[in-house]
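# pasting the structure only:
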């Protein structure tokens, strides 16, 4: 069974870049037809899709975050990375990584436990 674990700093200052890592176990991130996504949930709000990265490395982003988000992978470590630049307090959220079998923002069947990120000076 696939397991995902997010990691990264819990506190980021405004205007800086948020960097998170998702370590995947129980399966390879390069397995055919596997997609890996980043989703966040701001306090008191619903889930917001950030983007996906495909098994072959293609990336797909939310239009509202595309200018600031970058998703990459380290196949040697079986990790998915998220960078979000120029953060503001509105980027404060619990950040999740998750698995799906589509490039679209649906069908996530395996989730990490989430990691809280607070943007504050």
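Cool, got the structure. Source: prediction; values computed, not measured.
# tell me the pLDDT at the nearest residue to residue 90 once chain neighbours are set aside?
Excluding the flanking residues, the one nearest residue 90 by C-beta to C-beta, 6 or more residues apart in numbering is residue 42, at 7.3 Å. (Glycine included, C-beta is placed from N, CA and C.) With respect to pLDDT, residue 42 has a value of 98.
# just how off-centre is stretch 56-76 within its chain?
9 Å (C-alpha atoms, centre = their mean, to the nearest Å).
# would you mark the buried spots in it?
Applying a neighbour-count criterion of 16 or more other C-beta atoms under 10 Å, the buried positions in stretch 56-76 are 60-61, 65, 68-71, 73.
# same question for stretch 40-48.
Of all the residues in stretch 40-48, those buried under the rule 16+ other C-beta under 10 Å are residue 40.
# distance of residue 55 relative to residue 47?
Computed as C-beta to C-beta, to the nearest Å, the residue 55 to residue 47 distance reads 23 Å.
# ok so, going back, in strands, which of the buried residues of stretch 56-76 appear?
Those of those mapping onto strands are 60-61, 69-71, 73, per DSSP state E.
# and the pLDDT for residue 106?
pLDDT at residue 106 comes out at 86.
# what's opposite the closest residue to it other than its chain neighbours in the beta bridge?
Among residues not flanking residue 106 along the chain, residue 100 sits closest, at 6.8 Å (C-beta to C-beta, 6+ apart). Applying DSSP bridges to residue 100 yields these beta-bridge partners: residue 35.
# residue 100: neighbour count?
Residues lying near residue 100 (other C-beta atoms under 10 Å) number 18.
# and it, how far from residue 30?
Taking C-beta to C-beta, one finds residue 100 at 15 Å from residue 30.
# report the contact partners of residue 18.
Applying C-beta atoms under 8 Å, 6 or more residues apart in numbering, we find residue 18 in contact with 8-9, 12, 82-85, 87, 91, 117, 119.
# need the pLDDT of it.
If you check residue 18, the pLDDT there is 98.
# likewise residue 102?
Residue 102 carries a pLDDT score of 87 in this model.
# please name the nearest non-neighbouring residue to it.
Sequence neighbours aside, residue 35 is the residue nearest to residue 102 in space, at 6.1 Å (criterion: C-beta to C-beta, 6+ apart).
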